[in-house]
Every structure is written in C-alpha cells, then in structure tokens.
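Chemist: Return atomic coordinates for the entry below.
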Amino acid sequence: MNSGILVVASQRELRRNLFDALDQAGYPQILSARDVSHAAILLEGRPLLPPLQLMVVVLAGDGQQALTVCEQLRRLPGGSDTPLIVVLADEATINPADLPVGITDWLSAAQISNELVARWRRSQAGLQSPRKAVVAPVSSAGEDYRYVFDESDSEWLIADAQTGRLLEVSPTVARHSRLHASQWEGLLLSEVLRFEGVAIEQVLAEADRNWYPCQRKSSLGVDTGQASVRRIRHAGRDALALMFRSDRADLRAEASLSLLSRIFASSSGVDAQIAAGRLLFDELGLDYLAVWSARPDGADAPTQILQLWNGDDPVWPPAQLQSSLQLVLGGKPMLYRADAKRLAPTDPLLQQLDLAGFAGLPLYDERHTVLGAMLAGSRRGFGEMSIIEPVLRCSAARFAQVLELGRTREQGRAEGLVDALTGLPNRLLFNDRLDTIIREATRNGECFAVLFVDLDRFKAINDTYGHAAGDQVLRTVTQRLCGSIRASDTVARYAGDEFTIVLRHIVKNDDVLRVAEKIVQVMEVPLFLEDGTELQVTASMGLSFFPDDAGDTETLLKHADEAMYAAKHLGRNNFQIFEVSPEYAQEHGMALKTRLRHAEGNGELRVVYQPQVNTESEDIVGMEALVRWEHPELGLISPAVFIPLAEETGLIISIGEWVMRTACHQAKEWEQRYGLRLRLGVNLSAVQLMEAKLLDTVTRVLNETGMDPTLLELEITESISIKEAPNLVENLHALHRLGCHIAIDDFGTGAASLDYLRRLPADRIKIDQSFVRNIGVDPDDEAIVRATIEMAHRLKRAVVAEGVEIEQHMEFLRSHGCDELQGYLFCRPLQPISFDKLLAERKRLLDVPVAETA
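Modeler: Numbers count the residues shown, from 1 in each chain. I've put the predicted structure just below:
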C-alpha cells in the first residue's frame, strides 16, 4: 500500500513550505513530488508504508489545469478516496468556486504556514463537510456559512450569541490581522472589536446588518474599518456572524482608490513627492519606500529623491551595489509578495532590511524611457496583491509624471522656455503649445477656449510693498490658477502680471464659464504676505473660443485680450466673452459689407450642425444647419451681426443657397454612411422668402444633392410679417407641396403667432430659447411654454424646444409633452468632422450585441 501524506508542487519553495508546515506539526511520513508523474514513482517505490491519509496539491493555472491534475491524482493507487486539499499559487487564475467537486478544502499559498494544518485537523474532526458545488451565503437559516469564509476576501468572525466569545474566524481575518487563527479562539468580542459612538452591546443586541465604524485587533495594534452583525446558527446553537471590512488601502479596493485619488491630487515638486510618498508608506503599512532618479544615458549615478524606513537607520549600501535597484533601472519590474528574502544573498539592501514583501517598478516617461525607480517593501510581506499591485503601479506612474515634469521644466529653463519665478511655460512656449493644440483640434474636430488673465492693479502692489511681495503674489496666483483647471489644460505666464490658459475638450460653453467663475472666486480670497500683510488681489479675464472666434493663435489671443479689456472697462474682477458687437458692425459696416462679398469665394463661411433629439429616447432625430463667418482678422462674427448685413446687401440670396446646398450634400453623405434619415433644418431669411425663384432654387439643390425633400425642413422666423413679405405664403405652400417640411422658428417672440399657425403650412414650431431658459426661474414663461405645447398639439403640430441647457429644462419639457429638444445640454453646434464622430459613436453603441452590454 502507499504512504502518509503526499505533497505535489512544481515550485520548489512552495514544496518546502508545505513540507515544513506538516513536518513541524508532527506528521512523520511526508512525500514531496514535483508533479503527478513524480508522485506515482514515489508511491510505487514505497509499498510497505501505511496508506495515504492526505494529498496536498499546488495549482498555478486555470480551471482546465485544475480538473486535469485532480483527476490524475485520483487515479493514483489509493488516491480515489483520499482527502485532497488544494493550494492556490499567486499566479493561479481559477476562481475557488470553480474548483472540481470533491475537494476537501482549499487555501492560498500565503496561508500555508498558518492554515494548512488547522484546515486538515478540522476536516479530520468532522467539522467540515466535503466541498459542495454551490457556495451558500451566511444566513440566518442555518445554512453552511463556511464556504463564504473560504471563497471571498471578506473577514468573518463567529461568536457565541450568549457569551460573546469567538468560536471561529475566517482565514481572511488571520491573513489580514497577521494573527494565527488559534490566537483568536475563545476571545471576547469586546477584546477584538471596539465600536465608535455606539456600545458593542447595542450592536450585538440589534444585529441589524447595519455598518458601524470600529477598530479590529491586529498584530500591529488595530485596523480601522466598519463591521456588520447578523444572527446565524452554528453547530446547532445561536451565534453571531460579524463581517469586518478594513479601511486599509492594501486590503480594500475602495480604500486603495481613495489613496490614489489623494496621491494624484498632490501638486508637483519635491515637497509634493515626499508628501505622496509618506501617504503611500503609511496607508499601505510599508516598512521601506524609496524613489530614485536616473539619467537615460547613465552618465550620472542615480539620485535618491525620497527614502522612508520604519526602523533604525542601517548603513545604506551605495546604489551601484543594490542589484535589485540596478535591475529596475534597467527596465525590469520586480514583485515579491512574501518571498523577497531569497534576493538577500545578492542584494545587500534586502539583506539588511529583512524584507519579505518587495516591489521594484521602473518610472517611465511617455516615450517609455526609464527615468528612475520606485522600491517598496514590507517585513511581513504584502497584503492582497490584487489590490496592492495596481496601487503601486499607479503610484509609480505618478512619481514618473512628476519627475518628467520637473525635467521638462529644467530643460525649459535652460532653453529659455519656462518662467523662472512661477515654473510655468512662458510666452514663447505657450504660443508653440497653442499652435500644436490648434492643429490637433482641427484634425479631431475639438473645441477649446483661451483665457487671458490680467491681475487688477498689480503695479500698485509692487510700488507699495516691493517686488519681493509682488513675486509672492505671482506665485500664489499661479497656484490658484493651476488648482482651478484640469490636468489636460495649460497655464502660462504670458508677461508681467498676465497669464494665459487653454481649456481643452470643451463640450458646452457653460463648462468654460464655470471655470472662469471659479477663478474669479478663488482670486477673491485674501492672500497674506510673509510679514502677515493681507492683500486682496483680483483678476479680469477675457475668453475666446476655437473654432468659433478664430482658427489661429494670434487671433485667438487677440480676441481674448480684447475681451479682457472689456472686463476691465466693466469694473474689473469679472470675465467677458469675445464678440463682435452690433455697435462695431455699425461703426465698420461698410468694411464688413465689402469683406462679406468675398467671404463665400474665399472660403470664410462655415456650416455647423446642432442635433435635435427625441424627448423620450434622447436619440438624434434631426439637426439644424447654422452658418458661421470666420473673418480673417476679427475671427468668428456672430450671425446676429452679419446676417442683417447680408440681407441689406442682397448677399443673403447666394449665401442662403450655398448653405442649403452644402448642408443637403452633407446630410445625404451621412444618410448613405450611417443609414440614418435625419431631418435637416435650414433657415430661410425674409429676403429669401420673398424671392420669386425660391421654389426653383430649392428644387435645384434637392436634385443636385439627391436629398429627399421630406427630410428637408425650412425654418422661418416668426418675426417676419406676412403682410410685408410678398410671395411668402405662396412660396411656403409650394415648398410644402414639394414635400419639404416647414417650421416656425423663435415661436412666441413675435406678435403674429396665431396668424402664422392659421395661414402657413407649418409642420413644427420651435419654442424660442428665451422662454426655455427661464424654466425654473419665471412662472410666467413656464406658463407660456405649457400653453404653446398644448396649443400646437391641438393643431397637430410637433414642438421643438430650443436652448435646453440643464436637466431641469428637460424634465419640465418632458413632463409637458414636448416632442423634441435642442440645446447645449445635449450638444453644442459641431463642425462636420465632430458631428460625424457623434454619428459614428451612436452607430457603434447601437451595433454592440446585447450579450456584450449585459
């Protein structure tokens, strides 16, 4: 017959750990095999020894490997009925719940020394039934809760309901607390848990499964967290099951995310690096942490930026003798959960520090060049690697980011591109970055904003308190500006007391306005000089938008600067948005008219598209085509300025036809590409509506572009007088007979709304944005909106609401039956390339199979 206890593990160190754990427990006959074939040879060579009483196998693969190995073990002589305990190696990918049926028990590799013998003895004593295929939850119905212990990372403590003494704890409790399971047996709950703000007697008496802040006993004192209590049956008697979840970042994913958010919230610089390092060191319970900087060319020895150590300072070996550091600086990551001591013979650092857990991660820049290394270690080994490893890798990325930023600034100072006082890009570097951003935005269809910030009355500070005080103010302003924007945005010191900002990836103009308002507010907070003097420093800001206001660096900055001076003229301490005012147009009307005559031929006109969505589904059902004039010197000129000029000069006829043709051609292209029959809205001016050849023009455009007439919706503004516009009624009826839809724009702002609905073939009305924006503000405007929707529906007209900017607008309109919505809540007017991306993303989402989205 075969012998004693059989251990099967391909990893030599795990075989040794298993052998040592069983040997120290007094089991004399232990066979140690590399694999099943080796085990068969060992068993065949020992026919006179007693039968097998236990098999222990280490699994390091997936479910298929587990099934194959377990079947092979069962086919060994005497192995079919022998209890089998599985040890899961760190690299195993199988879920414990998916282990083959018939496994007596399982544990992780890190639990071998503390749990293997205890599990085997419980099994021998009959305290644990054979493994079931279904995992039962801890419940109050007396079900077997042990499988929750073994198959989750939760901490469970089982106590007698009468005495409050512990009967058993889950392996996770022992692993997290680093106290052996035997050290918990018989302890009172009051000795291992201390609740905050509530008596433990009350928590145990209520057992209501609510979570209460508390502290749980550990080898280092206590761990903070929360605990929940419920009633169960244990061995035929009433018991209490307590679940504890730790706040330690190395044990709980939520805590690790909180840690990372705090690390990434830190600013740059050496002090911030030290603060982030201390945070990582304390939260993960590390014993050693070091961050090194190294030059890619290896010309200089690596420089230590940060070192934290929990113990007496040893004689630190030089960097060139630390073999692990040299490997990491060479680009090789190192991760040892609990077996780093095997590195000690070749690394004097690890030999001196006696670290069980060790991680070494290269610090890479964006080109994947090694900038340095982060080393972290723990004497007792790391906790949950599924949590710790991502935290360490993200922290290394943060250290690398700060290191790269510092080097970029050093290089910038050397090349005269970075401001020495603030560390910000100077005018030269900012202009270069803005050029790059414009090229990327043009290629990607991105919108962004430029802010020009000027400190109010800064000269008086220099004159009164001196230039040293002025420098302190500039550094403080830099911190406040950088703290008000995102990582993807750019701040520069443009000149003296002037700063420039680029806000990237703008979806709604309101996003920019919120940032500008935030800057105004943070600037209003008093600042204190080193001698305690309190100063009130405010700023005036101007905003310009790409591509709405300009398409080049010089013009964008010029317009932002002009808007900043407008803010100065309005009393300072505010921000203004650039616009070509009607007053400017009136003053320079002749020059604008002359330029407008050549705008179409010079390619200065643009058509942008704003989606219209179904109120219920929020899916795109239409779009409105809007014309923009990008003046080469003045930037984007508002339609409110140049459309009246075009009507006055008669240019609106040719411009209107060009807009219609361009939009129809684009809509047809999107219809063919995405299979969408989106309605296209095109505005008609009063001059066009009076044109006798309007029907011929529309017909010609439809024929040339292949656009379906039923998808073209011609929008007319309510302010046009029916009586004063000859041919208007006739033209609209003719267009309606052609198949085109008619929409009345800006409904509610004119004096002839009912007359329009009665005499014109309108299919749809568009509620003016002035009413929509007052929803939640003005009850009278809300009443007008409700009445308009009700009246339109009674007349069988559909309703579109313009200017929908916030959720409150949408909910009000939805509750009162508005059919469609249009506004910045959903999307700003987009360039064709951006609208195309919007449609492509919609198609991608709708094409995803249901199984993939489940």
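
Chemist: what about the stretch 301-450 of the chain, any weak spots by pLDDT?
Modeler: 409-416 (pLDDT under 70).

Chemist: where along it do the helices fall?
Modeler: Assigned by DSSP state H, counting those that start in this stretch, the helices in the stretch 301-450 of the chain fall at 323-329, 348-353, 385-414, 427-444.

Chemist: Can you lay out the ones you listed as JSON lines showing distance to residue 375 and mean neighbour count?
Modeler: Yep, even glycine has a C-beta here, placed from its N, CA and C like the rest. What follows is these, written out as JSON lines (distance: least, Cβ to Cβ, whole Å; neighbours: other Cβ atoms under 10 Å):
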{"stretch": "helix 323-329", "distance to residue 375": "6", "mean neighbour count": "20"}
{"stretch": "helix 348-353", "distance to residue 375": "8", "mean neighbour count": "19"}
{"stretch": "helix 385-414", "distance to residue 375": "10", "mean neighbour count": "18"}
{"stretch": "helix 427-444", "distance to residue 375": "34", "mean neighbour count": "16"}
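
Chemist: For my notes, please list the ones you listed in a markdown table and give distance to residue 679 for each entry.
Modeler: Listed next are the helices of the stretch 301-450 of the chain as a markdown table, based on distance: least, Cβ to Cβ, whole Å:
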| stretch | distance to residue 679 |
| --- | --- |
| helix 323-329 | 60 |
| helix 348-353 | 70 |
| helix 385-414 | 47 |
| helix 427-444 | 27 |
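
Chemist: Wasn't residue 576 part of a helix?
Modeler: No. According to DSSP: H, G, I helix; E, B strand; the rest coil, residue 576 belongs to no helix; its state is strand.

Chemist: Just checking the distance from the longest strand along the chain to the centre of its chain.
Modeler: If you go by DSSP state E, the chain has its longest strand at strand 221-234. With Cα atoms, centre = their mean, to the nearest Å as the basis, strand 221-234 stands 33 Å off its chain's centre.

Chemist: before we move on, what about stretch 550-561?
Modeler: Offset of stretch 550-561 from its chain centre (Cα atoms, centre = their mean): 31 Å.

Chemist: May I see the buried residues of that stretch?
Modeler: For stretch 550-561, the neighbour count (16 or more other Cβ atoms under 10 Å) marks 550-551, 553, 555-561 as buried.

Chemist: hang on, residue 605 packs against residue 657?
Modeler: No. Contact status for residue 605 versus residue 657: not in contact, 11.9 Å apart, counting by Cβ atoms under 8 Å.

Chemist: how close does the nearest residue to residue 716 once chain neighbours are set aside get to residue 759?
Modeler: Of all residues not flanking residue 716 in the chain, residue 684 sits nearest, at 5.4 Å (Cβ to Cβ, 6 or more residues apart in numbering). Going from residue 684 to residue 759 by Cβ to Cβ, to the nearest Å gives 16 Å.

Chemist: Give me the more crowded residue out of the two.
Modeler: Neighbours of residue 684 and residue 759, each counted by other Cβ atoms under 10 Å, are more numerous for residue 684; the result is 25 against 14.

Chemist: Tell me how far the more buried one lies from residue 662.
Modeler: 15 Å.

Chemist: would you say residue 106 is within a helix?
Modeler: No. Checked against three-state DSSP, residue 106 lies outside a helix; its state is strand.

Chemist: so what's it bridging to?
Modeler: Beta bridges link residue 106 to residue 86, judged by DSSP bridges.

Chemist: Can you get me a residue count around it?
Modeler: Neighbour number of residue 106 under other Cβ under 10 Å is 21.

Chemist: what sits against the closest residue in space to residue 639 that isn't next to it in sequence?
Modeler: Leaving aside its chain neighbours, residue 639 sits nearest to residue 627 (6.4 Å; criterion: Cβ to Cβ, 6+ apart). For residue 627, the contact set (Cβ atoms under 8 Å, 6 or more residues apart in numbering) comprises 605-607, 639, 643, 655, 659.

Chemist: Does residue 627 have any beta-bridge partners, and if so which?
Modeler: For residue 627, the beta-bridge partners under DSSP bridges are residue 607.

Chemist: just to revisit the earlier point, show me which of the contacts of residue 627 is closest to residue 379.
Modeler: Residue 379 lies nearest to residue 606 out of the contacts of residue 627, by Cβ to Cβ, at 65.7 Å.

Chemist: in terms of contact, does the closest one touch residue 630 like I think?
Modeler: Yes. The criterion here is Cβ under 8 Å, and residue 606 meets it with residue 630 at 6.0 Å.

Chemist: intersection of neighbour lists for the two?
Modeler: Any residue near both residue 606 and residue 630 by Cβ under 8 Å, 6+ apart counts here, and that gives residue 547.

Chemist: Helix, strand, or coil at the nearest residue to residue 823 once chain neighbours are set aside?
Modeler: Nearest in space to residue 823, with sequence neighbours left out and distances taken as Cβ to Cβ, 6+ apart, is residue 804 at 3.4 Å. Using three-state DSSP, the structure places residue 804 in coil.
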